[in-house]
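Engineer: Provide a 3D model corresponding to the input given below.
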Amino acid sequence: TYFVSLDTLDSPNQIVSSLINVIQPDFVIEGEPKAQLLNFLHDKCLLLIIDNFEHLISGAPLIAELIKQAPRVQVMLTSRERLYLQGEWVYKIKGMQYRALPVSRAGLETAVPEIELEKYSAVQLFIQSAQRVRADFDMSGADISHIVRICQLVEGFPLAIELAATWIRVLTCAEIAQEITRNYEILATSWRDIPARHRSLQSVFDYSWHLLSEDERSALSQLAVFQGDFSRDAAVAVTGISLAMLGALADKSFLQAAKVVQGDTAVTCYEMHELIRFYAFEKLNGEVSVQIGDEQLSTAIIEARDRHARYYAARLEIYQPRQSWTWIDDVPAELGLEIENVRAARQWILQKEQSKPHAAINGINSQ
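Structural biologist: Residues are numbered from 1 along each chain as shown. Presented below is the predicted three-dimensional model:
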């Protein structure tokens, strides 16, 4: 088994030399390096673990050729984007495990035994990372719920958990959680031994954003108006996105697709990681121009939220007469999977016309 990290490479042309340096460091290159590498691997039986391939995606044909020329070589490769190779088997990697704190009907978090929460991998990573930064960090009983909250906010994303833990040197766990809810840019570090693009969530997202086409960037930022799960029909109605574009964003790990059951029917729902949503929302917001409630918003955001509110107002009216709308506590089962979007639509309507929410709905529907 050989582990090959491509993290520091700038060009697909460097992949061959990186493989050679790991597999056979004393390899004497005579002639064309790729031909020699493939000839060397031809009759070998081994596992290659290749890490961080997404920024070298145009080098995917080399992997296809390697598998063809060396049939007993198995390749396990990590990438934020699919390679689109015929022999490719895709396994989605989710965030580390954490226990979501249950919430009562009053909106208050209910207690969960501390020992039960500590067994989750995301919580353990935060504690270990915090102790590396501050050796005397001793988690108190009051800290555990805030640590779980941090893990929830970043949805178990390991790098984000490690970056959050670095702040334990100057902030309490409660303060870290509070800062993340205000601005994810707190998730940054000055570590010198990792690539610059991994030293902050902003850098990670900036780099991934750079790899998207203009059409993909536009589609992703438009989808940032959704909260939690949303259906393909909703995405098309609100943003005009095509099925091919949804698939492309899912293949590049900006969206997660999952099959869910509604009644007797299985449908596909999409979800965007909350941190990615924050980032994409900022891209859509662009230059601030209008005050809506407590927010300064661009025309693009206002138009997107209006479309979102119109869609969910119309959807809800199918199942409930408008005069009986309660939005939060009484959502029809058909809309249960998209309850967060129903809530977001309601909140937007109230922001635009706080004293007359139903008038605001009528105004939005008439546009």
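Engineer: which residues of the stretch 201-350 of the chain fall in helices?
Structural biologist: 201-210, 214-223, 232-239, 243-251, 274-285, 299-319, 339-352 (DSSP state H, counting those that start in this stretch).
Engineer: buried sites along the longest one?
Structural biologist: Same thing as helix 299-319. 300-302, 304-313, 315-316 (16 or more other C-beta atoms under 10 Å). Glycine gets a C-beta too; all of them are placed from N, C-alpha and C.
Engineer: again, but for the shortest one
Structural biologist: Within helix 232-239, the residues that qualify as buried are Ala234, Ala235, Ala237, Val238, Thr239, counting by 16+ other C-beta under 10 Å.
Engineer: check the second one too.
Structural biologist: In terms of neighbour count (16+ other C-beta under 10 Å), helix 214-223 has its buried residues at Glu216, Ser218, Ala219, Leu220, Ser221, Gln222, Leu223.
Engineer: ok, the fifth one next?
Structural biologist: If you call a residue buried by 16+ other C-beta under 10 Å, then helix 274-285 has these buried ones: Glu274, Leu275, Ile276, Arg277, Phe278, Tyr279, Ala280, Phe281, Glu282, Lys283, Leu284, Asn285.
Engineer: of those, closest to Asn183?
Structural biologist: Comparing the buried residues of helix 274-285 against Asn183 with C-beta to C-beta places Phe278 closest, at 8.7 Å.
Engineer: OK, contacts around the closest one?
Structural biologist: Tyr184, Ala224 (C-beta atoms under 8 Å, 6 or more residues apart in numbering).
Engineer: just give me the residue right at the centre of this structure.
Structural biologist: Centre of the chain computed as the mean C-alpha position; nearest residue by C-alpha atoms, centre = their mean is His273, 3.1 Å away.
Engineer: am I right that that one is in contact with Gln256?
Structural biologist: Yes: using C-beta atoms under 8 Å, His273 is in contact with Gln256, at 7.4 Å.
Engineer: coming back round to it: show me the contacts for the residue nearest to the centre of the chain.
Structural biologist: Contacts of His273 (C-beta under 8 Å, 6+ apart): Glu155, Phe157, Gln256.
Engineer: would a markdown table of the residues you listed with distance to Val267 and neighbour count be doable?
Structural biologist: What follows is the contacts of His273, written out as a markdown table (distance: C-beta to C-beta, whole Å; neighbours: other C-beta atoms under 10 Å):
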| residue | distance to Val267 | neighbour count |
| --- | --- | --- |
| Glu155 | 22 | 19 |
| Phe157 | 27 | 23 |
| Gln256 | 15 | 17 |
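Engineer: as TSV, those residues with distance to Thr166 and pLDDT would be great.
Structural biologist: Below are those laid out as TSV (distance: C-beta to C-beta, whole Å; pLDDT from 0 to 100):
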residue	distance to Thr166	pLDDT
Glu155	19	88
Phe157	15	91
Gln256	27	90
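Engineer: strands - which of the residues you listed land there?
Structural biologist: Counting by DSSP state E, those place Gln256 in strands.
Engineer: which one of the contacts of His273 is nearest Leu66?
Structural biologist: Nearest member of the contacts of His273 to Leu66, counting by C-beta to C-beta, is Gln256, at 29.4 Å.
Engineer: who touches the closest one in this structure?
Structural biologist: Lys92, Ala250, Tyr270, Glu271, Met272, His273.
Engineer: tell me the confidence at the fifth one?
Structural biologist: Just to be clear, that refers to Met272. Note on Met272: pLDDT of 92.
Engineer: for the closest residue to it other than its chain neighbours, grab phi and psi.
Structural biologist: Nearest residue to Met272 in three dimensions, chain neighbours excluded: Leu255, at 5.7 Å (C-beta to C-beta, 6 or more residues apart in numbering). Main-chain dihedrals, Leu255, degrees, to the nearest 10: phi -130, psi 150.
Engineer: buried set for stretch 35-44?
Structural biologist: For stretch 35-44, by 16+ other C-beta under 10 Å, it's Gln36, Leu37, Leu38, Leu41.
Engineer: next, format the residues you listed as TSV and append secondary structure.
Structural biologist: Supplementary listing: the buried residues of stretch 35-44 in TSV, determined by DSSP: H, G, I helix; E, B strand; the rest coil:
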residue	secondary structure
Gln36	helix
Leu37	helix
Leu38	helix
Leu41	helix
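Engineer: kindly reformat those residues as a markdown table containing pLDDT and distance to Phe137.
Structural biologist: Shown next, in a markdown table, are the buried residues of stretch 35-44 (pLDDT from 0 to 100; distance: C-beta to C-beta, whole Å):
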| residue | pLDDT | distance to Phe137 |
| --- | --- | --- |
| Gln36 | 90 | 51 |
| Leu37 | 91 | 47 |
| Leu38 | 93 | 50 |
| Leu41 | 93 | 47 |
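Engineer: for these, which one is nearest Leu201?
Structural biologist: Leu37 (35.9 Å).
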